[in-house]
Every structure is written in C-alpha cells, then in structure tokens.
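S.K.: give me the fold of what follows.
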Amino acid sequence: MDDVRSRIRCRCRRGVRELDLLFERYLSDGFDGLPDSELANFERLLEQPDLDILEWLTGKSRTSDDPLQALCARIRAQLGY
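M.R.: Here you go, the predicted structure:
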C-alpha cells in the first residue's frame, strides 16, 4: 500500500499553485490517516480537472459524484474550510 500512497503523493503536484498548497497541507496533516478504502476515491479525485478539484475543495461548487463530494467535504474539514 505504500507504493499506492507514494504514487498518489506524486500525482498531487498539479501545477495550479492554490491546489498544490491545499494538497500539500492535506498530505502533511490528513493523508496518512486516510483509510485504505478511501484511496481509490482519492485517486479518482486526482483524475478530475484541476479547476474543478479546486472549486470542490474550497466549497465554491459541488460534484454530483457522492463519494467524491464526501471525500472533498472531509478534506475541507481537515483543512479547516
């Protein structure tokens, strides 16, 4: 499972500064506590367009994908949004 987490950490470097900062904070504060059962959802989140992810994580919009929305809500709570 460590290979999966390492791969996900690399994929969190997006090139959109604001999103990179959010992921950086989450990776240092909450990612290691993410249950293995949620890793697939996190990987699906990373497959989405950067600007959509940014809006979901900042609460400016919502995704219609319930598992992704729940994950984004947990990440926002972890980050204090």
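
S.K.: since we're on Arg13, how many residues are nearby?
M.R.: Other residues within reach of Arg13, judged by other C-beta atoms under 10 Å, total 10. For every residue, glycine as well, the C-beta is placed using N, CA and C.

S.K.: kindly report the same for the one 4 residues further on.
M.R.: As a burial measure, Arg17 scores 8 neighbours (other C-beta under 10 Å).

S.K.: buried residues in the lowest-mean-pLDDT helix or strand in the chain, which are they?
M.R.: One helix or strand of the chain scores below all others by mean pLDDT, DSSP states H and E: helix 2-11, with a mean of 88. For helix 2-11, the neighbour count (16 or more other C-beta atoms under 10 Å) marks 5, 8 as buried.

S.K.: run the chain-centre distance for that helix.
M.R.: Centroid displacement of helix 2-11 relative to its chain, using C-alpha atoms, centre = their mean, to the nearest Å, is 12 Å.

S.K.: could you export it as PDB, CA atoms only?
M.R.: Provided in PDB are the C-alpha atoms of helix 2-11 (Å, rounded to 0.1, in the frame of the first residue of the first chain):
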ATOM      1  CA  ASP A   2       3.000   2.300   0.500                       C
ATOM      2  CA  ASP A   3       3.600   2.300  -3.300                       C
ATOM      3  CA  VAL A   4       0.000   3.500  -3.800                       C
ATOM      4  CA  ARG A   5       0.400   6.300  -1.300                       C
ATOM      5  CA  SER A   6       3.700   7.300  -2.900                       C
ATOM      6  CA  ARG A   7       2.100   7.400  -6.400                       C
ATOM      7  CA  ILE A   8      -0.800   9.500  -5.100                       C
ATOM      8  CA  ARG A   9       1.600  11.900  -3.400                       C
ATOM      9  CA  CYS A  10       3.400  12.400  -6.700                       C
ATOM     10  CA  ARG A  11       0.100  13.000  -8.500                       C
END
